[in-house]
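*Asks:* Task: produce atomic coordinates for the following.
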Amino acid sequence: MRLALVGASVMLVGLSVTACGGASSDADKDEFCDAWKNTSQVALDSGDFDKMKEAYEDAFDVGTPEDIGDDAREGFEVMKDQVDDVDSEDDLEDFDEPDEDDAKKVTKFQEYLAEECGDALTPDIETPDGMPSDLPSNLPSEMPTELPSELPSAG
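*Replies:* As a prediction, this is how the structure comes out:
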């Protein structure tokens, strides 16, 4: 169930329709990144559709920083309109694929978000009790590094 709700969260971000304006275009970049991180955090922590929708609405209310490109801003607006139209998980099933132009704009917004916010978008994940938090990230491997690039043929 939780996986399905996280999938719904991803769909909320990826869906699109025609754009219209309204949100701020001079948002503080830190506030912008924090708001989008919160969308991931809410999806991870609760998976509740209504809480996820509220987190997205909050992110859209923040707006975008003024250095965002026109296509990326339009992609933001496309996503905002789509999320505004979704009132339940069932509504996600009724949407058609976006047209090519809108899909490209949404991609531009997602690229902007990744470039500008990067690691700031990663939700906070608690380390399970008893798990050391200082594990090395580059562990040695027993796997050979020189593997053959061709397999013998059967014939």
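
*Asks:* helices or strands up against the helix or strand hosting residue 78?
*Replies:* Per DSSP states H and E: residue 78 is located in helix 70-85. Judged by 3 or more CB pairs under 8 Å, 6 or more residues apart in numbering; DSSP states H and E, helix 70-85 is in contact with helix 2-14, helix 49-62, helix 100-117. Every residue, glycine included, has its C-beta placed from N, CA and C.

*Asks:* hmm, 6 Å instead?
*Replies:* Identification of packing neighbours for helix 70-85 by 3 or more CB pairs under 6 Å, 6 or more residues apart in numbering; DSSP states H and E yields helix 100-117.

*Asks:* in the protein, which helix or strand is least confident?
*Replies:* Ranking every helix and strand in the chain by mean pLDDT, DSSP states H and E puts helix 2-14 at the bottom, with a mean of 44.

*Asks:* Same question for the helix holding residue 78: list its buried residues.
*Replies:* Neighbour counts over helix 70-85 (16 or more other CB atoms under 10 Å) mark 71-83 as buried.

*Asks:* Nearest to residue 26, out of these: which one, please.
*Replies:* Of all the buried residues of helix 70-85, the one with the least separation from residue 26 (CB to CB) is residue 73, at 11.4 Å.

*Asks:* got a list of what the closest one touches?
*Replies:* By CB atoms under 6 Å, 6 or more residues apart in numbering, the contact list for residue 73 reads residue 64.

*Asks:* So what's the predicted local confidence for it?
*Replies:* Residue 73 is assigned 95 on the pLDDT scale.

*Asks:* neighbours around residue 52, how many?
*Replies:* 24 (other CB atoms under 10 Å).

*Asks:* swap in residue 64?
*Replies:* If you count neighbours by other CB under 10 Å, residue 64 ends up with 25.

*Asks:* Of the buried residues of helix 70-85, which pair is most distant in space?
*Replies:* For these, the farthest-apart pair by CB to CB is 71 and 83; their separation is 18.9 Å.
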